[in-house]
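**Student:** structural data only, the sequence is not supplied:
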């Protein structure tokens, strides 16, 4: 029976870090291998709302692919930023970003945490939906092209949708029947 690919890789291409030492047991020398354990000491919480415990009170945390999001939720990394407001071209935009799971680092998740950018993302999605509806619908495509190119018709559609403020004030109020 053939061995699995993982065992084949382990035999033919051993891991890069191997720590071994020779031990003499009863006159015979044996080679022992130590497991590689990495400890990382870092403040990965960014700008937390709650101050982290003192260094002496902190304990090592085992992190693997199964508990990564749980550890992220406990650390609760947070950034409080002030960035130039490129929409209004004046002042700064205050942004607070919270990361409680690994997927929150995805660009779309970051955009959803900024209200102004979230609105733009929603408009983008609506435009994509419209493009999807236009695909293969020649009649709708032609109608929208005519509306966009014909400014008079566009103004008429805007007028049908809601009266302009000047028009609403100019119209006399109708008497209410009693």
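**Tutor:** Structure's in. What do you need? Because the structure is a prediction, the values reported are computed rather than measured.
**Student:** find the nearest non-adjacent residue to residue 157, please.
**Tutor:** residue 147 (6.8 Å; CB to CB, 6 or more residues apart in numbering). Any C-beta I mention is one placed from the backbone N, CA and C, and that applies to glycine too.
**Student:** confirm the one you found sits in a strand?
**Tutor:** No - looking at residue 147 with DSSP: H, G, I helix; E, B strand; the rest coil, it is helix, so not inside a strand.
**Student:** contacts only, for it.
**Tutor:** Listed by CB atoms under 8 Å, 6 or more residues apart in numbering, the contact set of residue 147 reads 153, 154, 157.
**Student:** now, which of the residues you listed sits nearest residue 17?
**Tutor:** Minimum distance to residue 17 across those is 67.5 Å, recorded for residue 154 (CB to CB).
**Student:** next, that closest one: secondary structure please.
**Tutor:** Assignment for residue 154 (three-state DSSP): helix.
**Student:** so what's it closest to, chain neighbours aside?
**Tutor:** residue 147 (5.8 Å).
**Student:** and the one you found, what pLDDT?
**Tutor:** Predicted confidence (pLDDT) at residue 147: the value is 79.
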